[in-house]
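Peer 1: Pasting the sequence and the predicted model now:
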Amino acid sequence: MARGEEQITERIIQPCAVYFSGAVWTTIAFCELRQEIREFRLERIKDMNVLTQRFKPDQTFNVEQYLEERSKRLSEPLT
């Protein structure tokens, strides 16, 4: 489900990392539906199937750099 919505969506994701922040586990993954890196809170995933299809991980993805940039974006004032 998307934040603030009750609608359930089906997605194919390519996980890059999993991290714990505060009280929630989150996976950072490439979302095939949105064609970009997104975050998914694990407790909001209602069902999961592991596909036989394989993906090639993005070797340039760096979780520390991603989280640092995310932190900067979240601390910027809204315009």
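Peer 2: Nice, I can see it. Given the structure is predicted, the values throughout are model-derived calculations rather than measurements.
Peer 1: what stretches of the protein score poorly on pLDDT?
Peer 2: The model of the chain has pLDDT under 70 over residues 1-5, 79.
Peer 1: residues touching residue 75, list them.
Peer 2: With contact set as Cβ atoms under 8 Å, 6 or more residues apart in numbering, residue 75 has no partners. In this view, the C-beta of every residue, glycine as well, is placed from N, C-alpha and C.
Peer 1: separation between it and residue 37?
Peer 2: Distance, residue 75 to residue 37, by Cβ to Cβ, to the nearest Å: 19 Å.
Peer 1: tell me the contacts of residue 16?
Peer 2: Applying Cβ under 8 Å, 6+ apart, the residues near residue 16 are 27-30, 37, 57-58, 61, 63, 66.
Peer 1: Could I have the buried ones of those residues as PyMOL selection syntax?
Peer 2: To isolate the buried ones among those in PyMOL, judged by 16 or more other Cβ atoms under 10 Å, type:
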select buried, resi 27+28+29+30+37+66
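Peer 1: From residue 41, how far out is residue 48?
Peer 2: Taking Cβ to Cβ, one finds residue 48 at 13 Å from residue 41.
Peer 1: ditto for residue 59
Peer 2: Relative to residue 41, and taking Cβ to Cβ, residue 59 is found at 26 Å.
Peer 1: same deal with residue 67?
Peer 2: In terms of Cβ to Cβ, residue 67 sits 15 Å off from residue 41.
Peer 1: Same question for residue 72.
Peer 2: Distance from residue 72 to residue 41, by Cβ to Cβ: 21 Å.
Peer 1: Which residue, neighbours along the chain excluded, lies closest to residue 40?
Peer 2: residue 27 (5.1 Å; Cβ to Cβ, 6 or more residues apart in numbering).
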